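Trainee: 3D model of this:
(chains A and B)
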Amino acid sequence: MKNRFILLLLLLTTGVALSAKDYTSRDGGHLLRGFGYERYSLSLMAEYGYNRTWEHMGNVDIYAHMPVVKNVQIDARMQYQSANVFTGALVLRPTFDLPVGQLFAETELMYKAVLRNRMSDMCAALSVGWRFDYVSVQIGGFARVMDSWDRDWHSEDKYEAEPFNLLYGLEVFARPQTNNWNVSLALSNRDDWQMERMWQPLFMLNSRYDINEHWRIHLEVETKITGMFHLNATFYAACLRAGFSYRF
Amino acid sequence: MKTKDILICSLLGIACLACNPNYDMVGMFNGTSPEIAERFQDSRRYSDSAGVVHLQMPKDYRLFVCTDSHIDTTHMGLEKFIHAYKADTHPHMALHLGDLINAQAHFAHADSILRLDGVMANRKDTMFLTCGNHDIYFNQWQVWHQYYGSSSYWFDTRNGSTLLELFICIDTAEGTLGTAQLKWLRALLKEKKDAGYRRIIVFTHTHLFKQDNSQGHTSNLSLEETYELTHMLSEAGVELYLCGHDHSREVTAFGDVKYIVVDACADEEPDPYYMVMEMGETISYEFISLLPRP
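Mentor: Numbering: from 1, shown residues only, chains lettered A, B, ... in the order given. Take a look at the predicted model:
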């Protein structure tokens, strides 16, 4: 048993050493462009959104991608929705290059100030994922605390905690990550601005095009359907998002 | 196992589920009943023609609440609830919070249990219902609508000319209120907020919060709707939000509104309950087990 364990350890070590050699790209990061590259980038997106509750709205999103050290990335995101909602998120993402694809772990904090409804929604998530050229999968869990800003401290009124929700994501790409354009279909219960309950999936169609070494443009469509898992599905929300990234 | 085998097994699994008469698998991708906007119109048309119910009640009365009876071939839980409700000697009224039936073709059966002795012959009787997701499976909205008329309405209880409780029923059977119903609710709450009611109670089928996964894959309202609705209810001074759907009891308070998920009373539930509320200047409630007493 002990020998098998040592053999396994040796194989893994060799595999990691080989992967580091095989998967080093021209810019010093992982060969799979789009998630391995070790350069700072800044993105700006504009959105048109509609849902049955807040109806039409325009949103502005700002993203910062910061590979602070090799294989450790920090993402910071902010969104303003004209429905009078602000969202901020911070993600810490260590990555591990493998002979096939890349493993990653995410710790994410998301805070939503729902000014129109005088309440806040705070989510903390832990997840792991595995990205390949054509597929990316992610699974984890998150906790949520909602709090009203008008809480009555003299009654039994309290914050609302949802201690565990499953977080999942599956994205399928049309082209390998090294390509200068790509289109993907994604199914998840979270996007960059919301973590929905586990039975409330979001469907996304994402695309990107790299104009040159520095500039990338994005076009994304997303929809939310309610009642799917109690077998009465109906359209609830949709969003069209377009923008660009600048890679330093 | 090859990818092809996995695919074939998955398709066979879906086909088996689709053959189960209790699962409206088409509804997973597109609800088979008319969607909320149309149901809301149907409900409003009915309510406008039927008029508003004003129940004369003493200042202290009892409210019996049950939900998720999921009637198919058996009806023990619902029948026990109806017997308890009818046998009660205090002035009382009752609510059923949806999922009266389980799948298809059981409305006649369920309705015969609700009516029992023929006393509850029309909407002006003292049991009020809303529809749940199971009630509108297999395009059955029209059947529910024919039996019970409206799933978006309000009524009140009065003592002489003194206003007691305002009850508002909303339709959340497919996990959203929809735009028109939300506007109607907002306007109604604004109009009634200062009308002088002792308290305002909103009842519906679907729960807002998801504190646990006690009932597996039940969906609740979306986040945006959760924010909006909780705020709207708090602002209007609503005291209670009663719902079912989750099958498992939850009592919480948020924004000074009490949210109660009532346990299911379905026969297949291991621990079925209904709820009795004492309505007066203050309210109290207890959950009554439907299991046979030892």
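Trainee: The helix or strand hosting A:Ala46: partners in the sheet, and parallel or antiparallel?
Mentor: Take DSSP states H and E as the rule and A:Ala46 turns out to sit in strand A:41-51. Take DSSP bridges as the rule and strand A:41-51 pairs in its sheet with strand A:55-69 (antiparallel), strand A:234-247 (antiparallel).
Trainee: got these as JSON lines, with mean neighbour count and mean pLDDT columns?
Mentor: Just so you know, the C-beta spots here come from the backbone N, C-alpha and C atoms, and that holds for glycine as well. Formatted as JSON lines, the strands paired with strand A:41-51 follow (neighbours: other Cβ atoms under 10 Å in any protein chain shown; pLDDT from 0 to 100):
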{"stretch": "strand A:55-69", "mean neighbour count": "15", "mean pLDDT": "94"}
{"stretch": "strand A:234-247", "mean neighbour count": "18", "mean pLDDT": "95"}
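Trainee: Now tabulate these in a markdown table and tack on distance to B:Tyr46.
Mentor: A markdown table is the format used below for the strands paired with strand A:41-51 (distance: least, Cβ to Cβ, whole Å):
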| stretch | distance to B:Tyr46 |
| --- | --- |
| strand A:55-69 | 26 |
| strand A:234-247 | 21 |
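Trainee: quick one, what contacts the most centrally placed residue in chain B?
Mentor: Central residue of chain B (Cα atoms, centre = their mean): B:Leu97, 2.1 Å from the mean position. By Cβ atoms under 8 Å, 6 or more residues apart in numbering or on different chains, the contact set of B:Leu97 is B:65-68, B:130, B:132, B:203-205, B:242-245, B:262.
Trainee: Now do the closest residue to it other than its chain neighbours: how many residues are near it, please.
Mentor: With sequence-adjacent residues excluded and distances taken as Cβ to Cβ, 6 or more residues apart in numbering or on different chains, B:Leu97 is closest to B:Thr67, at 3.5 Å. The burial count assigned to B:Thr67 is 32, neighbours taken as other Cβ atoms under 10 Å in any protein chain shown.
Trainee: One more: B:Glu269?
Mentor: 18.
Trainee: One more: B:Asp111?
Mentor: 15.
Trainee: pLDDT score for it?
Mentor: B:Asp111 carries a pLDDT score of 89 in this model.
Trainee: The closest residue to it other than its chain neighbours in helix, strand or coil?
Mentor: Nearest residue to B:Asp111, sequence neighbours excluded (Cβ to Cβ, 6+ apart): B:Tyr147, at 5.8 Å. The local conformation at B:Tyr147, judged by DSSP: H, G, I helix; E, B strand; the rest coil, is helix.
Trainee: ok, now A:Leu187?
Mentor: A:Leu187 is classified as strand under three-state DSSP.
Trainee: Is the closest residue to it other than its chain neighbours bridged to anything, and to what?
Mentor: Leaving aside its sequence neighbours, A:Leu187 sits nearest to A:Leu170 (Cβ to Cβ, 6+ apart; 5.1 Å). Counting by DSSP bridges, A:Leu170 forms beta bridges with A:Val137, A:Leu187.
Trainee: Run through the residues that contact A:Leu170.
Mentor: A:Val135, A:Ser136, A:Val137, A:Gln138, A:Ala186, A:Leu187, A:Ser188.
Trainee: can you pull the pLDDT of B:Leu55?
Mentor: 93.
Trainee: Ok, the one 5 residues further on next?
Mentor: According to the prediction, B:Asp60 has pLDDT 96.
Trainee: Equivalent analysis for the one 4 residues further on, please.
Mentor: Listed pLDDT for B:Phe64 reads 95.
Trainee: Count the residues that sit near it.
Mentor: Neighbour number of B:Phe64 under other Cβ under 10 Å is 22.
Trainee: Could you tell me whether it really is in a strand?
Mentor: Yes. B:Phe64: assigned to a strand according to three-state DSSP.
Trainee: thinking it is in contact with B:Ala87, fair?
Mentor: No. When contacts are counted by Cβ atoms under 8 Å, B:Phe64 is not listed as touching B:Ala87 (10.9 Å).
Trainee: how far away is the residue nearest to the centre of chain B from B:Met275?
Mentor: B:Leu97 sits 10 Å away from B:Met275, going by Cβ to Cβ, to the nearest Å.
Trainee: Kindly report the same for B:His245.
Mentor: Applying Cβ to Cβ to B:His245 and B:Met275 gives a distance of 15 Å.
Trainee: out of those two, which sits in the more crowded spot?
Mentor: B:His245 (28 against 22).
Trainee: ok, that one touching B:Thr130?
Mentor: No. Counting by Cβ under 8 Å, B:His245 does not reach B:Thr130; the two are 10.7 Å apart.
Trainee: what sits in contact with each of these two?
Mentor: Counting by Cβ under 8 Å, 6+ apart, the residues touching both B:His245 and B:Thr130 are B:Leu97, B:Gly98, B:His205.
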